[in-house]
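# this is the structure alone, sequence omitted:
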């Protein structure tokens, strides 16, 4: 069986594995398959006309990683730059180099938006329906691997604020940043308090007259140096093949320890965060703007690279306002407290629109798969859905850490199927699922808006997601496949 063809070549209508998405997760999955199972044919189906996913889509000023690149980079392709909190262009270049090195760039079918995938138990294969520039098309595959992320690339989220149409200035969402937007000398308001807003404010403050970060509620923020001094020293004395695993595990264990400390001693972690912020902010700073009502890691902790946001506040080029939006007016935003916040440009860093399973409609033997009716097995498969896995990363650590473990687990499954002549594998539904909660169990607004669309996790492992990379290494890389949950069939 031949590999799926790249642009300009004849398209193969059946492949062993169809990977949906050519972003961080999809490239990693396809590379892992080419590296560990070169005899398996692969097609990567990408809706856009470029690979890179998020790192090609986002073009807003200052776009960068929110995780260190020693854990966000692939385990099989070391990130060797001592800059561990990297800018978007560097991450995209890394993805492109990796795809080229493993030949994955030749497997991508651009302009292929997957809208439906139907499993036939009789044929033991998926029929995948896609929309292309030349019309609808189909292909079949033995195994489906969904790597298309968790949000809709073409549909951002902006609340329906009263009077928004009356605003005389410019409104832009970071997901759709116009290349010609110039904020030089203008009053800018960034609405939001998450990672995107934390990145945007200091970048815009370099040229804007002033940037205000308007937040409904504060977020836990921690300064982090862009360059890892331990990494710099290690890479100078050790070859990358030795240094990279050491640095990766150093960061994994450090972040895991901090997460555990946050859950067990939240008051202590609050004090540690405040202690790290104070030297970087003005002496008269009002810390109510940095005091969330929730505990650390109830929502994702946001990184301030090199303390740049705090430096912009100290230089009086940026400021925080914690308030609600009453309505928009021609000259700015009327706040809940009654004051008018002047603005020439408003950036709505207000989150994403979730797309569970990448928005792909799944069907099993002519029955639609209703995601909230299914539980997630080992954070990678849906019960009752054969020969399908999906990638969703950690909320407390790098996305890629979990993605790479899922990819390795899929490789193990495929080898087991081929070795024993099986044609399908499915996770049996849990006998006692307990009170289910959505697979993404964060208090973030973009998650809460879509809770009813998400598959469930159960009360106990393997149906309960564990935010622990070391534990998942044991379960996904080394755990038994014949565990009484997975059912294999000829």
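Done, it's in. The shown structure was predicted, so the numbers you read here are calculated from the model rather than taken from an experiment.
# all contacts plus neighbour counts: C-alpha atoms, from now on.
Will do.
# so which residues of the stretch 51-200 of the chain form helices?
54-57, 69-72, 88-101, 195-205 (DSSP state H, counting those that start in this stretch).
# could I get those helices as JSON lines with mean neighbour count, mean pLDDT and distance to residue 29?
Listed next are the helices of the stretch 51-200 of the chain as JSON lines, based on neighbours: other Cα atoms under 10 Å; pLDDT from 0 to 100; distance: least, Cα to Cα, whole Å:
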{"stretch": "helix 54-57", "mean neighbour count": "19", "mean pLDDT": "93", "distance to residue 29": "16"}
{"stretch": "helix 69-72", "mean neighbour count": "25", "mean pLDDT": "94", "distance to residue 29": "14"}
{"stretch": "helix 88-101", "mean neighbour count": "18", "mean pLDDT": "97", "distance to residue 29": "10"}
{"stretch": "helix 195-205", "mean neighbour count": "24", "mean pLDDT": "96", "distance to residue 29": "26"}
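# need the helices for the stretch 301-450 of the chain, in chain order.
According to DSSP H, counting those that start in this stretch, the helices that the stretch 301-450 of the chain contains are 308-314, 399-420, 445-448.
# out of the ones you listed, which comes closest to residue 179?
The closest of the helices of the stretch 301-450 of the chain to residue 179 is helix 308-314. By Cα to Cα, the value is 22.9 Å.
# what's that closest one packed up against?
The contact analysis (3 or more Cα pairs under 8 Å, 6 or more residues apart in numbering; DSSP states H and E) places helix 308-314 against helix 195-205, strand 318-322.
# which one, of the ones you listed, ends up nearest to residue 376?
helix 195-205 (27.2 Å).
# which strands and helices sit next to the next helix or strand after the closest one?
Next helix or strand after helix 195-205 toward the C-terminus (DSSP states H and E): strand 210-215. For strand 210-215, the elements it packs on are strand 187-191, helix 195-205, strand 318-322, judged by 3+ Cα pairs under 8 Å, 6+ apart.
# and residue 21, which of the ones you listed is closest to it?
helix 195-205 (22.4 Å).
# where do the strands sit along the stretch 251-400 of the chain?
With DSSP state E, counting those that start in this stretch as the criterion, the stretch 251-400 of the chain has strands at 302-305, 318-322, 325-329, 332-335, 340-342, 345-348, 352-354, 361-364, 367-368, 376-377, 381-382, 388-390.
# low-confidence ranges in the stretch 1-150 of the chain?
Residues of the stretch 1-150 of the chain meeting the criterion pLDDT under 70: 1-12.
# circling back to that earlier point, among the strands of the stretch 251-400 of the chain, which comes closest to residue 232?
Among the strands of the stretch 251-400 of the chain, the nearest to residue 232 by Cα to Cα is strand 302-305 (17.0 Å).
# what mean pLDDT does that closest one get?
Average pLDDT, strand 302-305: 95.
# who touches it?
Here strand 302-305 makes contact (Cα atoms under 8 Å, 6 or more residues apart in numbering) with 66-67, 85, 194-195, 198-199, 219-226, 310.
# pick out the shakiest of the strands of the stretch 251-400 of the chain, pLDDT-wise.
Among these, strand 352-354 scores lowest, at a mean of 78.
# tell me the SS of residue 487?
strand (DSSP: H, G, I helix; E, B strand; the rest coil).
# partners of the closest residue to residue 361 other than its chain neighbours in the sheet?
Nearest residue to residue 361 in three dimensions, chain neighbours excluded: residue 116, at 4.6 Å (Cα to Cα, 6 or more residues apart in numbering). Applying DSSP bridges to residue 116 gives these bridge partners: residue 129, residue 361.
# wait, residue 116 sits on residue 131?
No - counting by Cα atoms under 8 Å, residue 116 stays clear of residue 131, with 9.7 Å between them.
# who are the packing partners of the longest helix seen in the chain?
Counting by DSSP state H, the longest helix found in the chain is helix 240-264. When contacts are defined as 3+ Cα pairs under 8 Å, 6+ apart, helix 240-264 packs onto helix 69-72, helix 229-237, helix 266-277.
# and residue 362, which of those helices is closest to it?
That would be helix 69-72 among these, by Cα to Cα, at 29.1 Å.
# so what does that closest one touch, helix or strand wise?
Looks like helix 69-72 contacts helix 240-264, helix 399-420 (3+ Cα pairs under 8 Å, 6+ apart).
# closest one to residue 171 among those helices?
Per Cα to Cα, nearest to residue 171 of those: helix 399-420, 30.0 Å.
# in that closest one, what's buried?
399-415, 417 (16 or more other Cα atoms under 10 Å).
# and for it, what's in contact with it?
Contacts of helix 399-420 (Cα under 8 Å, 6+ apart): 24-25, 28-29, 32-33, 36-37, 71-75, 380, 389-394, 422-425, 469, 472-473, 476-477, 481, 488.
# repeat for stretch 205-217
So stretch 205-217 is contacted by 183-193, 197, 201, 204, 289, 292-293, 312, 316-324 (Cα under 8 Å, 6+ apart).
# restricted to buried residues, select these in ChimeraX.
The buried residues among those can be selected in ChimeraX (16+ other Cα under 10 Å) with this line:
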select :183,186,187,188,189,190,191,192,193,197,201,204,289,312,317,318,319,320,321,322,323,324
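# domain ranges for the protein?
Following automatic domain parsing, the chain resolves into domains at 14-153+353-489, 158-350.
# before we move on, back to that, which among the strands of the stretch 251-400 of the chain is found nearest to residue 268?
strand 302-305 (17.6 Å).
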